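Chemist: sequence plus the predicted model coming up.
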Amino acid sequence: MWQRIFETMLTGLISTGELHVTLPDGTTRRFGPGGGLEVAVRIADEATVRALTRQPELALGEAYTDGRLTVEGDDVAGLIRLMIRNRPWERLPSWVRGTNAVRARLAGLTFHNTKRSARANVAHHYDLSNDLYRLFLDEDMQYSCAYFTDPGMSLEAAQAAKKAHIAAKLRLEPGQRVLDIGCGWGGMALTLARDYGVHVTGVTLSERQLELGLARVAAAGLENRIELRLQDYREVTGRFDRIVSVGMLEHVGLPQFPTYFDKVSDLLEPDGVALIHSIGTASPPAAKNQWIDRYIFPGGYIPSLSELAPVVEAARLWATDIEVLRLHYALTLGHWLERFDANIAAARREFDERFIRMWRYYLIISRVSFEEHMQGVFQIQLAKRIATLPITRDYLYSHPPQGAMREAAE
């Protein structure tokens, strides 16, 4: 029965390209008109067919990770690309549409990310192993979208450009107090303190990130300018001239958005500036990716601008600049995947094959989503006062090179 339903679902779904499916009984079926993308998969058992029919997004990731679904030539990117291009809402089966609609409506009632659950969610992803992230990140351990002023630039150069671009938006001056919400392994804090002469307080919920971050700060001799803490952003007190948060908002959770922006407002000096850098969607609010939520980023949520605007307004903050980075994260993920594959032998010394397939799948589907889906990165600049920042954007592209402010401060 499930095989027949599955075949009917694919017949209605694939309207462009071509998908060849070898079923558990050994038969191969062709779906789609042909032309364009052509992908072939093999399904190992009836249970996988049933799961793919009932919850295709979740089941696809699980089946590939477990080896119950294989892709010819391991062309996972081609398969995901084909699925995205054949995903108009009206062609999904009614039971899938209904489930997704319910999940989207319940997003505000679930995933509350209390202080306890937030720490557990962070540990699930970021406390796996610092060595895992060294396999694919740049030397500065920047685990967020880079900024490609030239698509051909290196990952290291693009991540340095990202930090410089954010620093320009912060309008830093030597001696200012900066809060870094979700400071990761300390790369942003190190750059801002070293190159711009500011004092940085960084908070993270990851013990392994904090451990490495503190070691990096000590090695750089910047303990007098940088303080890194294991602390929930909701527990931070005091006032700061500048607040930066890169790749943190995605972990806050929809119900906590008002709390987050109220906290930014409370912590910001009257003439302060904040820069929030977050993955975002250009589509209306929708259900989260079930596989990503279960296996990679539990408790996370990708916001749309329509969800962010009301809470920014309620926090009485000016959205002084909103920039949408398109394709920059796709380029970033391309570098990460290339480095991960180049270091696959090192990965196998620490992790089993299932874990490696899971992480490759995560990197691949993320890259394709930023290429094909309505995903990008929002950089939202915030201030309390209308005249805190220049009234044109010219200053963003005339800031001094890295090190200039450091020299001025010395």
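Modeler: Cool, the structure landed. All of these numbers come straight from a predicted model, not from anything done at the bench.
Chemist: residue 397 - how many residues pack around it?
Modeler: Other residues lying near residue 397 total 8 when counted by other C-beta atoms under 10 Å. In short, each C-beta sits where N, CA and C put it, glycine included.
Chemist: now it. Nearest residue, chain neighbours left out?
Modeler: Leaving aside its chain neighbours, residue 397 sits nearest to residue 168 (7.9 Å; criterion: C-beta to C-beta, 6 or more residues apart in numbering).
Chemist: likewise residue 271?
Modeler: residue 388 (5.4 Å).
Chemist: what's the pLDDT at the residue nearest to residue 397?
Modeler: pLDDT for residue 168: 96.
Chemist: okay but it is in contact with residue 390, surely?
Modeler: No - using C-beta atoms under 8 Å, residue 168 is not in contact with residue 390; the gap is 11.1 Å.
Chemist: looking at those two, which is more packed in?
Modeler: Neighbours were counted for residue 168 and for residue 390 using other C-beta under 10 Å; residue 168 has more, 17 against 11.
Chemist: and the more buried one, what element?
Modeler: Assigned by DSSP states H and E, residue 168 falls within helix 155-170.
Chemist: who's in contact with that helix?
Modeler: 138-140, 142, 144-149, 153, 178, 187-188, 191-192, 195-196, 242, 244, 246, 273, 275, 277, 321, 328, 331-332, 335-336, 339, 379, 381, 395-397, 399, 401-402 (C-beta atoms under 8 Å, 6 or more residues apart in numbering).
Chemist: looking at this structure, which helix is longest?
Modeler: Longest helix of the chain, by residue count under DSSP state H: helix 353-372.
Chemist: which residues of the stretch 1-150 of the chain fall in helices?
Modeler: 2-13, 46-54, 56-66, 76-85, 94-105, 115-126, 130-134 (DSSP state H, counting those that start in this stretch).
Chemist: so which of the ones you listed is nearest residue 292?
Modeler: helix 56-66 (8.0 Å; C-beta to C-beta).
Chemist: that closest one to helix 353-372, inter-axis angle?
Modeler: If you take axes from the mean of the first three to the mean of the last three C-alpha atoms, to 10 degrees, helix 56-66 sits at 140 degrees to helix 353-372.
Chemist: returning to what we had before: mind checking the SS state of the residue nearest to residue 271?
Modeler: coil (DSSP: H, G, I helix; E, B strand; the rest coil).
Chemist: phi and psi next, for it.
Modeler: Backbone torsions of residue 388, given as degrees, to the nearest 10, read phi -60, psi -40.
Chemist: who's the residue minimising distance to the centre of the chain bridged to?
Modeler: Geometric centre of the chain, nearest residue: residue 279, 5.3 Å, by C-alpha atoms, centre = their mean. On the basis of DSSP bridges, residue 279 is bridged to residue 377.
Chemist: out of the contacts of helix 155-170, name the ones that lie in strands.
Modeler: 178, 242, 244, 246, 273, 275, 277, 321, 379, 381 (DSSP state E).
Chemist: put the buried members of those residues into a PyMOL selection.
Modeler: Remark: buried members of the ones in strands among the contacts of helix 155-170, expressed as a PyMOL selection using 16 or more other C-beta atoms under 10 Å:
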select buried, resi 178+242+244+246+273+275+277+321+379+381
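Chemist: related to what we said a few turns ago, give me the distance between the residue nearest to the centre of the chain and residue 256.
Modeler: 16 Å (C-beta to C-beta, to the nearest Å).
Chemist: just give the nearest non-adjacent residue to residue 85, would you?
Modeler: residue 16 (5.7 Å).
Chemist: tell me the contacts of residue 226?
Modeler: 186, 189, 190, 193, 199, 200, 201, 202, 217.
Chemist: the fifth one - how many residues pack around it?
Modeler: Residue crowding around residue 199 was assessed by other C-beta under 10 Å; the count is 19.
Chemist: the stretch 201-350 of the chain: helices as residue ranges?
Modeler: 207-220, 257-267, 290-295, 305-314, 328-342, 344-348.
Chemist: tell me the mean pLDDT for the longest one?
Modeler: Along helix 328-342, the predicted local confidence has a mean pLDDT of 98.
Chemist: mind listing what's buried in it?
Modeler: Neighbour count says helix 328-342 has 328, 329, 330, 331, 332, 333, 334, 335, 336, 337, 339, 340 buried, by 16+ other C-beta under 10 Å.
Chemist: residue 234: what's it in contact with?
Modeler: Residue 234 makes contacts with 115, 259, 263, as judged by C-beta under 8 Å, 6+ apart.
Chemist: I am finished for the moment; much appreciated.
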